[in-house]
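Q: Need a 3D model of the sequence below.
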Amino acid sequence: MAFCKNCGNQIDNNATFCGHCGAPQETKPPVVDNGGIGWGLLGCCVPIVGLILFLVWKDTKPKTSKAAGMGALISVILSVVWYVLMLALGIGAGLLGM
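A: From the prediction side, this is the model:
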């Protein structure tokens, strides 16, 4: 048995209203937090979206926010490595006179 959030009397577990005081009994659906790879992929493809999702979901969906944040972080790291590699190849080609 559940208890009314307003008057404290016992009510049925599935009751939407209290039979004693008439107060609505609001029940929240459970939050799905499976940390799906799709959110990580989205964060990797569009890093700013991954960062925003991480910041929005970090308290309510920690696994999913971690996946989106990790995708964004991996994307940024790969971009930095790519630019450093291209800079090194460009300087090397310039020194060789190509």
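Q: Contacts for the helix or strand harbouring I52, please.
A: Using DSSP states H and E, I52 sits in helix 47-57. The contact list for helix 47-57, computed with C-beta atoms under 8 Å, 6 or more residues apart in numbering, reads 39-40, 42-44, 64-66, 68-69, 71-73, 75-76. Every C-beta, even on glycine, is put in place using the N, C-alpha and C of the backbone.
Q: gap between L78 and A93?
A: Noted for L78: a distance of 22 Å to A93, by C-beta to C-beta, to the nearest Å.
Q: same thing with W57?
A: 44 Å.
Q: quick one, which of these two is more surrounded?
A: Between W57 and A93, counted using other C-beta atoms under 10 Å, the more crowded position is W57 (20 against 10).
Q: From I77, how far out is the more buried one?
A: Per C-beta to C-beta, W57 is found 21 Å from I77.
Q: related to what we said a few turns ago, now a ChimeraX select for only the buried ones of the contacts of helix 47-57.
A: Provided next is the ChimeraX selection string for whichever of these are buried by 16 or more other C-beta atoms under 10 Å:
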select :39,40,42,43,44,64,65,66,68,69,71,72,73,75
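Q: And the furthest pair within the contacts of helix 47-57?
A: T64 and V76 (19.2 Å; C-beta to C-beta).
Q: Which neighbouring elements make contact with the strand or helix carrying L85?
A: In this assignment (DSSP H and E), L85 forms part of helix 62-96. Secondary-structure packing of helix 62-96 (3 or more C-beta pairs under 8 Å, 6 or more residues apart in numbering; DSSP states H and E): helix 37-45, helix 47-57.
Q: what's the first-to-last distance across stretch 14-30?
A: Start-to-end span of stretch 14-30 (C-alpha to C-alpha, to the nearest Å) is 15 Å.
Q: average pLDDT for it?
A: For stretch 14-30, mean pLDDT rounds to 81.
Q: Now do it: distance to the chain's middle.
A: Centroid separation between stretch 14-30 and its chain, computed with C-alpha atoms, centre = their mean, to the nearest Å, is 30 Å.
Q: domains of the protein?
A: Split into domains by automatic domain parsing, the chain comes to 1-30, 32-98.
Q: among the ones you listed, which is the most enclosed?
A: Highest mean neighbour count among those (mean count of other C-beta atoms under 10 Å): domain 32-98, with a mean of 15.
Q: Cool, thanks, talk later.
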